[in-house]
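next come a sequence and a model predicted from it.
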Amino acid sequence: MELAVAGVDLADSMEVMQDTWKKNLSPEEIAATEMVVDFDAEQTTCPACMTIFKPETPMCPGCGLRFG
Ligand SMILES: [Zn+2]
C-alpha cells in the first residue's frame with residue numbers, strides 16, 4: 001500500500017493511522033499500551049509480560065524489562 005499525503009495533512013493522517021492501528025488491537029492490548037507504571041504503588045504490572053512485581057525493583061523479574 002502506498003500512502004501519499006501533503007505536508008499540511010500529515011498530522012491528521014498520523015492520527016487516523018493511529019486510530020486504525022488501535023482498532024486492530026484487542027482491548028487488553030490497548031490497555032497495555034496506555035498503562036503507566038506506578039512506582040508509588042505497592043505492586044505494579046509489567047506492561048510487556050504482565051508480571052506483577054514490587055516497583056522498588058527497577059527491572060521486571062519476569063522479562064527483564066528495565067524501568068526509569
Ligand atoms: Zn516483564
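Looks like it arrived, so ask away.

close to the ion, is the helix or strand harbouring Ala32?
In the assignment (DSSP states H and E), Ala32 maps to helix 27-34. No: remark: helix 27-34 sits outside contact range of the ion, by C-beta under 5 Å from the ion, the gap being at least 11.1 Å. C-beta: built from backbone N, CA, C; applies to glycine.

send me that helix as CSV with only the CA atoms.
C-alpha atoms of helix 27-34 as CSV (Å, rounded to 0.1, in the frame of the first residue of the first chain):
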residue,chain,number,x,y,z
PRO,A,27,-9.0,-4.3,24.4
GLU,A,28,-6.3,-5.9,26.6
GLU,A,29,-3.6,-4.8,24.2
ILE,A,30,-4.9,-1.2,24.1
ALA,A,31,-4.9,-1.2,27.9
ALA,A,32,-1.3,-2.3,27.9
THR,A,33,-0.3,0.5,25.5
GLU,A,34,-1.9,3.0,27.8
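
right, and the helix or strand after that helix?
Next element after helix 27-34 (DSSP H and E): strand 44-45.

tell me which other helices or strands that following strand touches.
When contacts are defined as 3 or more C-beta pairs under 8 Å, 6 or more residues apart in numbering; DSSP states H and E, strand 44-45 sits against strand 52-53.

direction included, what does the strand it packs on pair up with?
strand 44-45 (antiparallel) (DSSP bridges).
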